[in-house]
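Engineer: below are the sequence and a predicted model for it; my questions follow.
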Amino acid sequence: NSLQTDQIRSAVDAVVAEVEVIESFGKVIDHIAELSDLQINRFGICVVTADGDVVTGGEADHPFPIQSISKVFALTMALEAHGDDVWKRVGREPSGDPFNSIIDLERMKGVPRNPFINAGALVVVDMLLDREKPRHEDVAAFLAEHIGSDEFDVDPEIFDKEAKGGYTNRALANLAKSFDNFHHEVDDVLKVYVRQCAIALTCRQLALAGRYLMLAPPGGRKKTSIEEAHRVRRINSLMLTCGQYDGAGDFAYRVGLPAKSGVGGGILAVVPHVASIAVWSPGLDDNGNSLLGTIALERLSERLGWSVFGNL
Ligand code: GLN
């Protein structure tokens with residue numbers, strides 16, 4: 001156990017040192033964030049093990065908007081509340097299109113391909129507003145419970161920008177509503193969605209929030225209910241196939257772990273039964289996934305032999 005954590009420590013240190021010397025590249029999504037080139041290279045990482053050990057590197061305590069990573073928590077809440085009924089309103093197939101693409105929604109008669117593209121996430125938020133007695137008020141409340149602290153904020157600038165703009169998201173929501181796959185007012189859903197995207201967490205907080213996705217090690221002290229284990233396995237499968245949008249195949253090939261990215265530069269990755277990992281670096285690739293974050297996860301999983309496709 002402590003040997004394992006020592007190994008993680010040295011792997012994280014090595015990855016931080018490697019990432020530091022990689023030249024600035026990638027871009028930021030300008031309708032969402034205005035970051036200077038200088039900031040593109042910033043980097044943070046946190047690994048939380050199944051035993052609760054926390055290993056950090058770089059700017060692990062710098063908060064960033066979690067953006068689409070919030071879709072994982074919203075989906076978890078929707079599955080807890082509605083069970084398999086969720087799948088009547090959203091699919092489970094990778095889309096092969098960009099995260100905010102609208103092109104498929106008409107063809108699918110208002111049923112989004114999966115819960116991690118924007119269209120799907122909006123329908124999931126619509127479902128969350130349906131609940132009579134929510135176990136959690138919203139994603140922020142879910143996060144506070146899972147992190148064990150509510151010391152985080154909604155980034156006001158990001159919230160404002162996306163609340164005022166967000167025309168594509170509005171179009172997606174309206175199209176879904178025109179097919180009767182939206183029960184609430186578009187503006188009400190948009191507001192909740194934009195707020196959850198603008199929640200700013202540090203890598204440390206995000207990795208803590210993701211602990212439930214690794215599941216307790218089999219045969220260990222901590223037990224997970226069968227129901228929760230099923231739910232988490234299915235969420236992980238969706239993260240693997242849909243978590244990085246049209247970059248999901250490449251990410252699975254290179255990193256081999258279920259993960260979810262956000263355009264704020266964060267990625268949450270899961271090593272089932274072993275670790276919850278959060279990385280952050282604002283420079284994005286063409287699919288809107290963190291460039292350095294992906295490289296860091298690729299190198300970390302390589303060094304530690306972490307992959308859901310088999311051990312080295
Ligand atoms: N708030 C962003 C949007 O709706 C989230 C997208 C993302 O992180 N991929 O466009």
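Structural biologist: Received it, and whenever you're ready, just let me know what you need.

Engineer: quick check: residues of the stretch 51-200 of the chain near the ligand?
Structural biologist: Contact residues, the stretch 51-200 of the chain versus the ligand (Cβ under 6 Å from any ligand atom): Gln67, Ser68, Phe99, Asn100, Asn118, Glu162, Asn169, Cys197. (Each C-beta comes from the backbone N, C-alpha and C, glycine too.)

Engineer: how about those in TSV, adding neighbour count, secondary structure and distance to Ala176?
Structural biologist: Listed next are these as TSV, based on neighbours: other Cβ atoms under 10 Å; DSSP: H, G, I helix; E, B strand; the rest coil; distance: Cβ to Cβ, whole Å:
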residue	neighbour count	secondary structure	distance to Ala176
Gln67	27	helix	20
Ser68	26	helix	17
Phe99	27	coil	15
Asn100	18	coil	13
Asn118	24	helix	10
Glu162	22	helix	18
Asn169	22	helix	11
Cys197	29	helix	17
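
Engineer: surely Lys260 meets Ile267?
Structural biologist: Yes: counting by Cβ atoms under 8 Å, Ile267 is a contact partner of Lys260 at 7.0 Å.

Engineer: so what sits against both of these two?
Structural biologist: Ile69 (Cβ atoms under 8 Å, 6 or more residues apart in numbering).

Engineer: check the offset of the lengthiest helix in the chain from the chain's centre.
Structural biologist: For the chain, the longest helix by residue count, based on DSSP state H, is helix 2-20. Chain-centre distance of helix 2-20: 23 Å, with Cα atoms, centre = their mean, to the nearest Å.

Engineer: and it, what's buried?
Structural biologist: Ile8, Ala11, Val12, Val15, Val16, Val19 (16 or more other Cβ atoms under 10 Å).

Engineer: can you list those in JSON lines and add pLDDT and distance to the ligand?
Structural biologist: What follows is the buried residues of helix 2-20, written out as JSON lines (pLDDT from 0 to 100; distance: Cβ to the nearest ligand atom, whole Å):
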{"residue": "Ile8", "pLDDT": "97", "distance to the ligand": "27"}
{"residue": "Ala11", "pLDDT": "98", "distance to the ligand": "27"}
{"residue": "Val12", "pLDDT": "98", "distance to the ligand": "25"}
{"residue": "Val15", "pLDDT": "98", "distance to the ligand": "23"}
{"residue": "Val16", "pLDDT": "98", "distance to the ligand": "24"}
{"residue": "Val19", "pLDDT": "94", "distance to the ligand": "21"}
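
Engineer: for those, which one is nearest Leu105?
Structural biologist: Nearest to Leu105 out of the buried residues of helix 2-20 is Val19 (Cβ to Cβ; 36.8 Å).

Engineer: and the closest one, how far from Ala275?
Structural biologist: Separation of Val19 from Ala275 (Cβ to Cβ, to the nearest Å): 18 Å.

Engineer: and for Glu93?
Structural biologist: 28 Å.

Engineer: wait, doesn't Leu238 sit right on Phe116?
Structural biologist: Yes: counting by Cβ under 8 Å, Phe116 is a contact partner of Leu238 at 6.7 Å.

Engineer: look at those two and report which has more neighbours.
Structural biologist: For Leu238 and Phe116, the more surrounded residue by other Cβ atoms under 10 Å is Phe116, and the numbers stand at 30 against 22.

Engineer: can you give me every residue that contacts Ala163?
Structural biologist: Leu190, Lys191, Val194.

Engineer: can you flag the buried ones in these?
Structural biologist: Buried among the contacts of Ala163 (16+ other Cβ under 10 Å): Leu190, Lys191, Val194.
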